[in-house]
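S.K.: Return a 3D structure for these sequence lines:
(one chain, ligands or ions: 1)
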Amino acid sequence: MSRIRGKDTSIEVMVRRYLFSRGLRFRKNDRRYPGHPDVVLPKWHAVVFVNGCFWHMHEGCARHTMPKSNVEFWTAKLMRNRERDEAQHRQLQAMGWRVIVVWECELGKRDRRSRLERLYEQIVGGSIDGSVDDGAGGTGDGGPESPENHRRVAS
Ligand SMILES: [Zn+2]
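M.R.: Below you'll find the model as predicted:
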């Protein structure tokens, strides 16, 4: 009950409902895995995190703005969140899971349908595209991509 990530918020429910309606079966908030992924799909070796843009510091996202007061407190807290996320994703990937992150801002009315369809493809298609965490275990600090391009998949 005292977990940091808010569970069963509406966006998580929305994602689960969609995946279920597409015939996928999964476990929820499985505590055996780092970070308790919102959706665990053993059959597809995939885990899904549905992340709030504020708490998980979605970079370059309009919904992620630092509070005006207690800036230092919030910066430290949210940076910790993000570092923890990254560490957990790396752990999961090392365990052979594909880690897929869906951001709150991708689930707005306008983009929701296409994002959910893409999520489904990421899961069953097994594309590397579904694996986020830029550069983790890869060749280091990715190339000089433009920040705009980063928005879509970036960690
Ligand atoms: Zn966002």
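
S.K.: going forward, measure contacts between C-alpha atoms and count neighbours the same way
M.R.: OK.

S.K.: Which other helices and strands does the longest helix seen in the chain contact?
M.R.: Taking DSSP state H as the criterion, the chain has its longest helix at helix 71-94. Packing contacts for helix 71-94, counted by 3 or more C-alpha pairs under 8 Å, 6 or more residues apart in numbering; DSSP states H and E, involve strand 98-103.

S.K.: most centrally placed residue in this protein?
M.R.: For the chain, residue 101 is the residue whose C-alpha lies nearest the centre (C-alpha atoms, centre = their mean; 2.3 Å).

S.K.: show me where pLDDT drops low in the protein?
M.R.: Along the chain, segments meeting pLDDT under 70 span 1-9, 126-155.

S.K.: Name the helix or strand for the residue of it positioned farthest from its centre, please.
M.R.: In the chain, counting by C-alpha atoms, centre = their mean, residue 69 sits farthest out from the average C-alpha position, at 26.9 Å. Under the criterion DSSP states H and E, no helix or strand holds residue 69.

S.K.: Quick one: residues contacting it.
M.R.: Not one residue lies near residue 69 by C-alpha atoms under 8 Å, 6 or more residues apart in numbering.

S.K.: does the strand or helix carrying residue 121 come close to the ion?
M.R.: Taking DSSP H and E as the definition, residue 121 sits inside helix 112-125. No. On the criterion C-alpha under 5 Å from the ion, helix 112-125 is out of touch with the ion, staying 12.8 Å away.

S.K.: Can you spell out which helices and strands pack onto that helix?
M.R.: Looks like helix 112-125 contacts helix 10-21 (3+ C-alpha pairs under 8 Å, 6+ apart).

S.K.: tell me the contacts of the nearest residue to residue 33 once chain neighbours are set aside?
M.R.: In space, and not counting its chain neighbours, residue 33 is closest to residue 92: 7.3 Å by C-alpha to C-alpha, 6 or more residues apart in numbering. Residue 92 sits next to 33-34, 98-99 when contact means C-alpha under 8 Å, 6+ apart.

S.K.: sorry, back to before: wait, doesn't the residue nearest to the centre of the chain sit right on residue 49?
M.R.: Yes. With contacts counted by C-alpha atoms under 8 Å, residue 101 reaches residue 49, the gap being 4.8 Å.

S.K.: Return the distance of the residue nearest to residue 33 relative to residue 111.
M.R.: For residue 92, the distance to residue 111 (C-alpha to C-alpha, to the nearest Å) stands at 28 Å.
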